[in-house]
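Chemist: Just a sequence and a predicted model for now, questions to come.
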Amino acid sequence: MIGFLQRTKAFSIPLLILVGILSVLLIFFNKVEIELWVNAYNSAPLDFFFRYFTNLGDGITAFIVSLIFMVFNIKRGLLLLLTFIISGLFIQYLKIHIFPDIVRPVTLLKGTYVLHLVEGVKMGEIQSFPSGHTGTAFAMFFCLATFTNKTWLHVSALVTAVLIGFSRIYLCQHFLPDVIAGAVIGTFTSLVLLTLFEHNKTFMKLNHPIFPRRASNAEKDT
């Protein structure tokens, strides 16, 4: 587990720092104050961007990305698939059975504040904690970060996941604690699964495309 964190330190270390800073922020400001502050800084370009960008944390997107990776490398595709499914199921369990009474911003703030809502976005009303989109984003992008040693790709993966998490606040779909919890659960789920399967011999044998390339006659003769 430590090995994966060290291998992706350009993702892991900034994420730990960010979670720490945001957690401290919640000591001084409650989630409603933060939501209202983010909601006040809106613009048409940001509305357009986050309306579509947030879909990168959708389960359908994660499923498609997993299938694409599976074509080129079964092991990596399955890892992506398992990380988002397991983190998603766990988050849904928490939403429905542990924190069913935690509602979304539009429900909690209805009649008290006038919120800027993005046209065309279907607003959730209940089961706010944790954020499923954020959990899927961090599960998927942390897993993707482990597939490469390039620092700039680790940073890009983190920035993308963070922006997806921020989009949930901007679109009034979640409060900050929901997003923090989703990020932690998604990353931790990915980390645990990667560790479990790292030395699994059966799983390691799947480190090839679905349709392996056949060797040509010239290659066979050498």
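Modeler: Thanks, I have the structure now.
Chemist: so where's this protein uncertain?
Modeler: Regions of the chain meeting the criterion pLDDT under 70 cover residues 200-208, 211-222.
Chemist: go with 80
Modeler: 1-4, 198-222 (pLDDT under 80).
Chemist: Tell me, how many residues neighbour the nearest residue to K31 once chain neighbours are set aside?
Modeler: Nearest in space to K31, with sequence neighbours left out and distances taken as CB to CB, 6 or more residues apart in numbering, is F175 at 4.0 Å. For the C-beta atoms, the positions are set from N, CA and C on the backbone; glycine is no exception. Using other CB atoms under 10 Å, F175 is surrounded by 25 other residues.
Chemist: I'd assumed L36 was in contact with F175.
Modeler: No - using CB atoms under 8 Å as the test, F175 is too far from L36 to be in contact (10.6 Å).
Chemist: quick one: the residue nearest the centre of the chain and L5, what's the gap?
Modeler: Closest to where the C-alpha atoms of the chain average out (CA atoms, centre = their mean) is A137, at 1.5 Å. Distance of A137 to L5, given as CB to CB, to the nearest Å: 18 Å.
Chemist: Ok, K95 next?
Modeler: 27 Å.
Chemist: for V179, same thing?
Modeler: In terms of CB to CB, V179 sits 21 Å off from L5.
Chemist: the more surrounded of these two?
Modeler: Remark: of V179 and L5, V179 carries more neighbours, 28 against 17, as counted by other CB under 10 Å.
Chemist: okay, now the spatially closest residue to the more buried one that is not a sequence neighbour: neighbour count?
Modeler: Distances taken as CB to CB, 6+ apart put G165 closest to V179, at 4.4 Å, once the chain neighbours are dropped. By other CB under 10 Å, 28 other residues sit near G165.
Chemist: hang on, isn't G165 packed against G135?
Modeler: No - if you go by CB under 8 Å, G165 and G135 don't touch, sitting 9.3 Å apart.
Chemist: Name the residues contacting each of these two.
Modeler: G182, A183 (CB atoms under 8 Å, 6 or more residues apart in numbering).
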